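Novice: no sequence on hand, only this structure:
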């Protein structure tokens, strides 16, 4: 009889590293809308998302929130890695957007791997670099694209994050939530969405937006 390997939670790591991490870390589950971290809080773990979706925002002095990037599927959180490396408190807010399973890796273990495992260090730097580029892309959209372009990109990114989920064409967010993510007024978002609806691009519902396929 053919033997089957068990499904791995962290397929981007070696089997040996995965076993060590799982044996020393805490697996946690959070419901949608849960706040994982707030600015100023000290977190003595590095977060790895196993399943679900988490949004990371930075709050300006004015009180307005800026979406930096999202974590989807199985991936590490670059900002929690940087906080561990520099031993700094959080500067962002992390909010669960889709029910999520996470792995909380003790900072001491994370730092031990950094000191002793070159492959781990390379992986960490890759995560930080990739998510930094995502943050820059969000800034570019805010600085250079029209609101309609930003909405289209926002919807495309949201749908891509859901993969092959059957209901991926339906964005389950209010106009106010989208406006907060894009750092614009709710009225401006509603105005552009109504224009997109007239053009046959979307169908507006109560608390959701259906994206029509071309």
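Specialist: Nice, thanks for sending it over. Everything numeric in this text was worked out from a predicted model, so none of it was measured.
Novice: so who does residue 207 touch?
Specialist: 172-174 (CB atoms under 8 Å, 6 or more residues apart in numbering). (Glycine included, C-beta is placed from N, CA and C.)
Novice: so how far is residue 18 from it?
Specialist: 39 Å (CB to CB, to the nearest Å).
Novice: what of residue 68?
Specialist: Using CB to CB, residue 68 is found at 27 Å from residue 18.
Novice: comparing those two, which residue is more hemmed in?
Specialist: Between residue 68 and residue 18, counting by other CB atoms under 10 Å, residue 68 is the more crowded of the two (21 against 15).
Novice: secondary structure element holding the more buried one?
Specialist: strand 65-72 (DSSP states H and E).
Novice: would you mark the buried spots in that strand?
Specialist: Buried residues in strand 65-72, counted by 16 or more other CB atoms under 10 Å: 65-72.
Novice: and which of these is nearest residue 56?
Specialist: residue 68 (4.8 Å; CB to CB).
Novice: need the contact list for the closest one.
Specialist: Here residue 68 is in contact with 56-58, 79, 92, 134-135, 138 (criterion: CB under 8 Å, 6+ apart).
Novice: swap the cut-off to 6 Å and go again
Specialist: Neighbour list for residue 68: 56, 58, 135 [criterion: CB atoms under 6 Å, 6 or more residues apart in numbering].
Novice: ok, the first one - contacts?
Specialist: In this case it means residue 56. So residue 56 contacts 68-69, 92, 94 (CB under 6 Å, 6+ apart).
Novice: and these, which is closest to residue 27?
Specialist: Among the contacts of residue 56, residue 94 lies closest to residue 27 (CB to CB), at 17.0 Å.
Novice: run through who's touching the helix or strand hosting the closest one.
Specialist: Here residue 94 sits within strand 93-106, counting by DSSP H and E. The contact list for strand 93-106 (CB under 6 Å, 6+ apart) reads 21, 25-32, 34-38, 45-57.
Novice: one more time with 8 Å
Specialist: 9-10, 21-22, 24-39, 44-59, 65, 70, 77, 162.
Novice: which residues in the protein form helices?
Specialist: Remark: helices assigned in the chain by DSSP state H are 15-24, 78-86, 107-116, 118-144, 147-161, 175-182, 186-198.
Novice: quick revisit: give the PyMOL command for selecting the buried subset of the contacts of residue 207.
Specialist: To isolate in PyMOL the members of the contacts of residue 207 that are buried, counting by 16+ other CB under 10 Å, one can use:
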select buried, resi 173
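Novice: kindly indicate which of the contacts of residue 207 lies nearest residue 125.
Specialist: For these, the closest approach to residue 125 (CB to CB) belongs to residue 173, at 32.7 Å.
Novice: correct me, but the closest one touches residue 206?
Specialist: No - the pair residue 173 / residue 206 is not scored as a contact, 11.8 Å apart, by CB atoms under 8 Å.
Novice: which residues does the closest residue to residue 134 other than its chain neighbours form a beta bridge with?
Specialist: Nearest residue to residue 134, sequence neighbours excluded (CB to CB, 6 or more residues apart in numbering): residue 69, at 3.9 Å. Beta-bridge partners recorded for residue 69 (DSSP bridges): residue 56.
Novice: model confidence for residue 101, exactly?
Specialist: Note on residue 101: pLDDT of 92.
Novice: please read the previous query as pertaining to residue 34.
Specialist: 93.
Novice: the residue nearest to it when sequence neighbours are not counted: how many residues sit nearby?
Specialist: Closest residue to residue 34 apart from its sequence neighbours, by CB to CB, 6+ apart: residue 96 at 4.4 Å. Using other CB under 10 Å, the number of residues around residue 96 comes to 21.
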